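Colleague: Dropping a prediction and its sequence here:
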Amino acid sequence: MSICIVYFSVDGHTRALAEAIAKGSAARLFDVTALSDADWRALDSAGAVIMGAPTYMGGLPTPFVQFIEEAATRWDTGQWRDKLAGGFSTAMHPAGDKLNVLTSMFIFAAQMGIIWIGNAETGAPVVAENEGINTDGSWVGVTASVPREGDEILSGGDLETARRYGVRMRAALEKWKR
């Protein structure tokens, strides 16, 4: 079963998180602003869809909302029912209202009959060896904050959290589809 990651990214932060999740899950990446008919067929047949968008003023950006509206045309047929799904978001600030974006994605998934898989990584100081992992403390999905200094697009810990989430999603899909 395939995993598809659909995302919207302007400055590359959300795409970097998508790429890290793809490393852990062997997922295909799809930019919501450039979906072809073949891409929609891939999404329709996927076992899991992971959604990602930056947080804009506490909510989803318009291009991602447009994706949700198009995907919702599958609601009445149950076409996406029993897929697995999850979400991720980036923002400038550690809180940055990213939970609102993840909640919007979760509610969309629930209405579509999709099974949501959250983030399970616990960072330091609770797990001392996980320094830099899940620094935002988000379990609904993966979140990352844009670094305020240096050349990194995202922190190494946020990217590793995303990769581990990809591994979790792959394992969940394999278990779910047995």
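Modeller: Everything's here; your move.
Colleague: now the nearest residue to Ser145 once chain neighbours are set aside, what's its secondary structure?
Modeller: In this structure, Ser145 finds its nearest non-sequential neighbour in Pro94, 4.9 Å apart by C-beta to C-beta, 6 or more residues apart in numbering. In this view, the C-beta of every residue, glycine as well, is placed from N, C-alpha and C. Secondary structure, DSSP: H, G, I helix; E, B strand; the rest coil: Pro94 is coil.
Colleague: quick one, what contacts Pro94?
Modeller: By C-beta atoms under 8 Å, 6 or more residues apart in numbering, the contact set of Pro94 is 135-136, 145.
Colleague: Could you export the residues you listed as a markdown table, including distance to Gly24, secondary structure and neighbour count?
Modeller: Below are the contacts of Pro94 laid out as a markdown table (distance: C-beta to C-beta, whole Å; DSSP: H, G, I helix; E, B strand; the rest coil; neighbours: other C-beta atoms under 10 Å):
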| residue | distance to Gly24 | secondary structure | neighbour count |
| --- | --- | --- | --- |
| Thr135 | 18 | coil | 18 |
| Asp136 | 18 | coil | 21 |
| Ser145 | 20 | strand | 19 |
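Colleague: Would you mind checking which of those residues is nearest to Ala120?
Modeller: Asp136 (14.2 Å; C-beta to C-beta).
Colleague: What distance do you get for the residue lying closest to that closest one once chain neighbours are set aside to Thr161?
Modeller: Once flanking residues are discounted, Asp136 sits nearest to Thr143: 4.4 Å by C-beta to C-beta, 6+ apart. According to C-beta to C-beta, to the nearest Å, Thr143 and Thr161 sit 9 Å apart.
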